[in-house]
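[1] Dropping the sequence and predicted coords here.
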Amino acid sequence: MSIPFSNTHYRIPQGFGNLLEGLTREILREQPDNIPAFAAAYFESLLEKREKTNFDPAEWGSKVDDRFYNNHAFEKQEPPEKCDPKQEKSQISGKEEETPVTILDSSEEDKEKEEVAAVKIQAAFRGHIAREEVKKMKTDSLQNEENEEKEENM
């Protein structure tokens, strides 16, 4: 027996909404005559891409959603699977279509980028302080010269 006005709420699995959004976007872009056949081909191509590149759009979408709703999803990142970084780059560059940036960036790489940025900021600040000191030294020397000229003229 079904209840027409039930308070039952079903929870959508994480990443499923993202998959459906991608399918919807492609359906609107391609305007196929047979939507179920197109959806089957679309999901088949997603499976092939996932097997080749180890990139799962459903998992990525769930982490992105979790990031915006929880803000705790990216505090601790799991280390990427053990494989050669050069091989990963060749896989990424060999793709025909662009995929979103994966969340599995290494924390060492992020730390290195942060360190380089901090060094640049510190260098810029030190340069600013040095320029201010030079400017102050110039004004002081000009004032000293003016004072000496005044004393000589007296």
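    Okay, I see it.
[2] what's the top helix by length along the chain packed up against?
    When secondary structure is assigned using DSSP state H, the longest helix within the chain turns out to be helix 107-153. The elements that helix 107-153 packs onto, with contact taken as 3 or more CB pairs under 8 Å, 6 or more residues apart in numbering; DSSP states H and E, do not include any helix or strand. Every residue, glycine included, has its C-beta placed from N, CA and C.
[3] By mean pLDDT, which helix or strand of the chain comes out lowest?
    Here the helix or strand of the chain ranked lowest by mean pLDDT, DSSP states H and E is helix 85-93, holding a mean of 47.
[4] Stretch 53-69: which residues count as buried?
    Within stretch 53-69, the residues that count as buried by 16 or more other CB atoms under 10 Å are 55-58, 60-64.
[5] Among the residues you listed, which one sits closest to Ile27?
    The shortest gap between Ile27 and any of the buried residues of stretch 53-69 belongs to Pro57, at 15.8 Å (CB to CB).
[6] could the buried residues of stretch 53-69 go into TSV alongside pLDDT, distance to Asn153 and secondary structure?
    Formatted as TSV, these follow (pLDDT from 0 to 100; distance: CB to CB, whole Å; DSSP: H, G, I helix; E, B strand; the rest coil):
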residue	pLDDT	distance to Asn153	secondary structure
Phe55	79	81	coil
Asp56	79	85	coil
Pro57	74	83	helix
Ala58	75	86	helix
Trp60	75	79	helix
Gly61	74	81	helix
Ser62	74	82	helix
Lys63	76	78	helix
Val64	71	76	helix
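[7] what residues does stretch 28-47 touch?
    Judged by CB atoms under 8 Å, 6 or more residues apart in numbering, the contacts made with stretch 28-47 from elsewhere in the structure are 19, 22-23, 26-27, 57.
[8] Buried subset of those, written for PyMOL?
    Selection of the buried residues among those in PyMOL, burial being defined by 16+ other CB under 10 Å:
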select buried, resi 19+22+23+57
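[9] Just the contacts of stretch 28-47: which are in helices?
    19, 22-23, 26-27, 57.
[10] Which members of those define the maximum pairwise distance?
    Using CB to CB for every pair in those, the one that comes out farthest apart is Ile27 and Pro57, at 15.8 Å.
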